[in-house]
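**Q** The sequence and its predicted three-dimensional model are supplied below.
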Amino acid sequence: MIITKNLDVPDLDNIDVYRQHGGYEALAKALKDYQPDQIAEMVKQSGLRGRGGAGFPTGMKWGFLAKNGKTRYLCCNADESEPGTFKDRMLMEKNPHLLVEGVILTSYACGVSTAFIYVRGELAYATRQVERAVNEAYAAGLIGNNILGSDFSLDVIVHRGAGAYICGEESALMESLEGRRGYPRLKPPFPAAIGLYGGPTVINNCETLCTVPSIVQNGAEWYASFGTEKSKGTRIFCLSGHVKKPGNYELPLGTPLRTLIYDEQYGGGILGDKELKAIIPGGSSTFLLGPDKLDTPLDFESIAAAGSMLGSGGVVVIDQDTCIVAAILRMTEFYRDESCGKCTPCREGTYWLTEILERLEHGHGTEGDIALLLDICDNISGKSFCPLGDAATSSITSGIKLFRSEFEYHVKHGHCMVGTCLVGA
Amino acid sequence: MISEETKQRMQSLAARYPVARSAVMPALYLAQQEEGYITQQGLCTIAEAIGMSVDDVESIATFYTMYHQHQPGKRIIKVCTSISCYLRNCDALVEHLEKRLGIKRGETTADGSYTLMTAECLASCGTAPVLQVNNEFVENVTLQMADTLIDELDGELH
């Protein structure tokens, strides 16, 4: 397809091999034929939307950069940590030059002279790959002063995170880059106005930036010919959980969930040919969907209409034999552990959600616990400082809505109705 | 003991960024690489090299989980226990490793060889269950593979 094209070419991580397959041609073309504004316009016209989670139109985001003469920055958000998501790691490990080219092009389009690539700390190999690609690009005159003889100059710094999910939130990422604890900032001001070091800053996800070279190379219309009316292009869906063939699959937006999960080319069906119980469509921060939503097209609008979010593209499949209370407990533990502690609703709320789910799971729950969970969710969602708090409640509210009887069974019988977790029995 | 060379590397990192304190995270990695974990002396060296107070550096070191506050084992095994690995039975893998190593998650073996930890989603959900040994991936891990892995690591260590 587009982003994963050539991914299986041996030694694609080597700059020469990358160039043999058309790498850095988009950059040469941009510097020779286009003004920065034209590149930004092209990306706007392509309809590309952010692949990190929020799905904000990329070109529009670039257009918001304050024109105040202050030094502008680009941050690539490669802090991939959303449970169920594993695409950026693959891109960085296998095709790091694609990301580097995307960073250079975006910097050119946005008038940026210093760009940062913030790679998640746990991804040591991906970090080394990106660092090596950046060094190769410097040596080849693709980063540095007067790139390819143009008057465009750029410095790129690879910054390694150190274990904090919250740094995937853009304002926390900037705090982290500035050498502080990764606490989110109050918005507004948005990064496009006052961002890194106080300068106008554009922050894009790794996959988003990896898409830019092909748009520049092939044009906005070409890119917009993939996908749906409002969700254009392709994206990588990270398929995991109870499927026969988990993995990363790049598909045009609008492909039905059923195709991704059941088609022989992709997921190949449920592991052990069991029945499907639930789907997490966009990483663990998104609302669970039931099997009745299998024919929903995977695009921003359709998944929203079905009651969830396309999020980071992490599609997690859960089979019929899974205890939904236990699965939700596991997801909630993540948010408890990763809450940065800055605001009370999230810090205390995620702790208590976990405590209550744990007692339900282990057969010590009471009748009031289900209502209590929903009450706490209501006190966190929309009342936390950043979206982490909201995210922590998604699986719980949607899980209770879809599978209330399982929660009630846990209260009544002290164990699970599906038989896999008989801890309290 | 942080070497003079490492201290100089910290100083050049500070010069590399638009603002010196941005170098605190990479500097902490350098200190940890040299001493195994973040020591008081490590904090002081960083503070001096990039012009921050020691408390300030420590507040960063204690926020991010990859900076060790104590000496870990020579091989740090992190097993992912988030949702996708959970659905692929990572809990059995953790329990298996606990038995094999004779320690609980979060602990270090008495001889200082291994630290066993659980980790949040490691971005390897398509090849679950997954673990890391000193931050390098081992994917699609079966219990048998885990045993072979420990045999190999034992061989490296002894």
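**A** Here it is on my side, so go on.

**Q** ok, the most centrally placed residue in chain B - contacts?
**A** With distances taken as Cα atoms, centre = their mean, the residue of chain B nearest its centroid is B:Met66 (5.1 Å). Contact partners of B:Met66, counting by Cβ atoms under 8 Å, 6 or more residues apart in numbering or on different chains, are A:121-122, A:161-163. All C-beta atoms are positioned from the backbone trio N, CA, C, and that covers glycine.

**Q** mind putting these in TSV, neighbour count included?
**A** Output for those, formatted as TSV (neighbours: other Cβ atoms under 10 Å in any protein chain shown):
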residue	neighbour count
A:Gly121	23
A:Glu122	28
A:Gly161	26
A:Ala162	22
A:Gly163	18
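
**Q** Neighbours of residue 8, how many?
**A** Unless you meant another one, I'm taking chain A. Per other Cβ atoms under 10 Å in any protein chain shown, the neighbour tally for A:Asp8 reads 8.

**Q** that's the wrong chain, I wanted chain B
**A** The number of residues packed near B:Gln8 is 11, by other Cβ under 10 Å.

**Q** Just the strands from chain A, written as ranges.
**A** A:73-78, A:114-119, A:155-160, A:201-205, A:234-241, A:247-252, A:276-280, A:314-319 (DSSP state E).

**Q** what's the answer for chain B, then?
**A** Using DSSP E, strands in chain B cover B:75-80, B:114-119, B:131-133, B:136-138.

**Q** Please identify which of these is closest to A:Ile356.
**A** Ranking the strands of chain B by proximity to A:Ile356 (Cβ to Cβ) places strand B:114-119 first, at 21.4 Å.

**Q** Send me the longest helix along chain B as CSV with only the CA atoms.
**A** The longest helix of chain B (DSSP state H) is helix B:143-157. Extracted in CSV, the C-alpha atoms of helix B:143-157 (Å, rounded to 0.1, in the frame of the first residue of the first chain):
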residue,chain,number,x,y,z
LEU,B,143,7.0,-21.3,28.4
GLN,B,144,9.5,-23.6,26.7
MET,B,145,11.1,-20.6,25.0
ALA,B,146,11.3,-18.9,28.3
ASP,B,147,13.2,-21.8,29.8
THR,B,148,15.6,-21.9,26.8
LEU,B,149,16.1,-18.2,27.2
ILE,B,150,17.1,-18.5,30.9
ASP,B,151,19.4,-21.3,30.0
GLU,B,152,21.1,-19.1,27.5
LEU,B,153,21.3,-16.1,29.9
ASP,B,154,22.7,-18.4,32.6
GLY,B,155,25.4,-19.4,30.1
GLU,B,156,26.2,-15.8,29.4
LEU,B,157,26.4,-14.9,33.1
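
**Q** just the angle between it and strand B:75-80, please?
**A** Orientation check (axes from the mean of the first three to the mean of the last three Cα atoms, to 10 degrees): helix B:143-157 against strand B:75-80 gives 160 degrees.

**Q** who does helix B:143-157 touch, helix- and strand-wise?
**A** Applying 3 or more Cβ pairs under 8 Å, 6 or more residues apart in numbering or on different chains; DSSP states H and E, one finds that helix B:143-157 contacts strand B:75-80, helix B:90-101, strand B:131-133.

**Q** As CSV, those with mean pLDDT, mean neighbour count and distance to chain A would be great.
**A** Converted to CSV, the helices and strands packed on helix B:143-157 look like this (pLDDT from 0 to 100; neighbours: other Cβ atoms under 10 Å in any protein chain shown; distance: least, Cβ to the nearest Cβ, whole Å):
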stretch, mean pLDDT, mean neighbour count, distance to chain A
strand B:75-80, 98, 23, 8
helix B:90-101, 98, 18, 9
strand B:131-133, 98, 22, 7
